[in-house]
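Q: Fold the following for me, if possible:
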Amino acid sequence: MIEPAQWKVDKVNALTEELNESPVSAVISIKGLRNKEFQKIRSDIRGKVKIEVLRARLLRLALQKSNKKNIAGMTEHATGQIALITTSETPKTVYDMLVSKRTKAAARGGEIAEEDIIIEPKETSFPPGPMISVFQKAGIPAGIEKGKIVIKSEVTLVKKAK
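A: Got it, this is the predicted structure:
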């Protein structure tokens with residue numbers, strides 16, 4: 001049997017120790033979070049909360065080795081792109097800190113919609129021209145009124161992922 005790399009063993013041991021000493025620990029998903037946004041969050045909460053991006057396998061091993069009661073149950077959340085938060089703050093304070101840092105961003109290919117994207121009927125700022133065909137190709141009913149492109153009816157452009 002092949003022995004794991006020493007740095008991995010050391011990392012699991014350090015994580016286990018950190019989990020045991022920290023009053024509050026959380027596993028968060030960072031999937032879809034852009035690096036610039038993540039670095040801003042990290043700098044804003046520095047000193048109050050420690051946040052570390054980890055390999056899921058190493059975190060699962062550390063969670064299983066931890067002697068804290070009920071912490072092994074967090075292993076089911078340790079999948080995909082994750083980070084570990086450890087702090088002495090209350091869970092509510094940590095949650096409020098993270099929620100306050102949320103920002104809306106333009107969608108990228110392959111992302112999953114968290115909510116329906118609905119286009120309301122209204123007048124746009126676009127003059128008549130090639131933009132009307134862009135709207136129509138996207139399935140948005142558009143027409144021209146008073147020298148502007150107008151969206152004629154409400155359209156659910158993207159449905160929320162279940």
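
Q: To what extent is I85 buried, counted in neighbours?
A: For I85, the count of nearby residues is 20 (other C-beta atoms under 10 Å). Bear in mind the C-beta positions are built from the backbone N, C-alpha and C, glycine included.

Q: again, but for Q81
A: The local packing of Q81 (other C-beta under 10 Å) involves 13 other residues.

Q: Please apply the same query to Q6.
A: When counting by other C-beta under 10 Å, one arrives at 8 neighbours for Q6.

Q: ok, it to D44 distance?
A: According to C-beta to C-beta, to the nearest Å, Q6 stands 34 Å off from D44.

Q: cool, A106 as well?
A: When A106 is compared with D44 (using C-beta to C-beta), they lie 22 Å apart.

Q: and if you look at K152?
A: Per C-beta to C-beta, K152 is found 43 Å from D44.

Q: re earlier: which of A106 and D44 has more neighbours?
A: Residue environment comparison for A106 versus D44 gives the larger neighbour count to D44, 13 against 5, counting by other C-beta under 10 Å.

Q: check contacts around K8.
A: With contacts defined as C-beta atoms under 8 Å, 6 or more residues apart in numbering, the neighbours of K8 are L58.

Q: Okay, and it sits in which element?
A: Using DSSP states H and E, K8 sits within helix 6-21.

Q: Kindly report the same for I85.
A: Taking DSSP H and E as the definition, I85 sits inside strand 82-87.

Q: So what are the sheet partners of that strand and their directions?
A: For strand 82-87, the paired strands and their directions (DSSP bridges) are strand 24-29 (antiparallel), strand 49-54 (antiparallel).

Q: Out of those, which is closest to I71?
A: strand 24-29 (6.8 Å; C-beta to C-beta).

Q: Just the mean pLDDT for the closest one, thanks.
A: What strand 24-29 shows for mean pLDDT is 89.

Q: Not including adjacent chain positions, what is the nearest residue to the residue of the chain most remote from its centre?
A: In the chain, the residue that sits farthest from the middle, by C-alpha atoms, centre = their mean, is K146; the gap is 42.2 Å. Counting by C-beta to C-beta, 6 or more residues apart in numbering, the nearest residue to K146 once its immediate chain neighbours are dropped is E123, at 7.7 Å.

Q: Pull the number of nearby residues for that neighbour.
A: Burial of E123, expressed as a neighbour count using other C-beta under 10 Å, amounts to 11.
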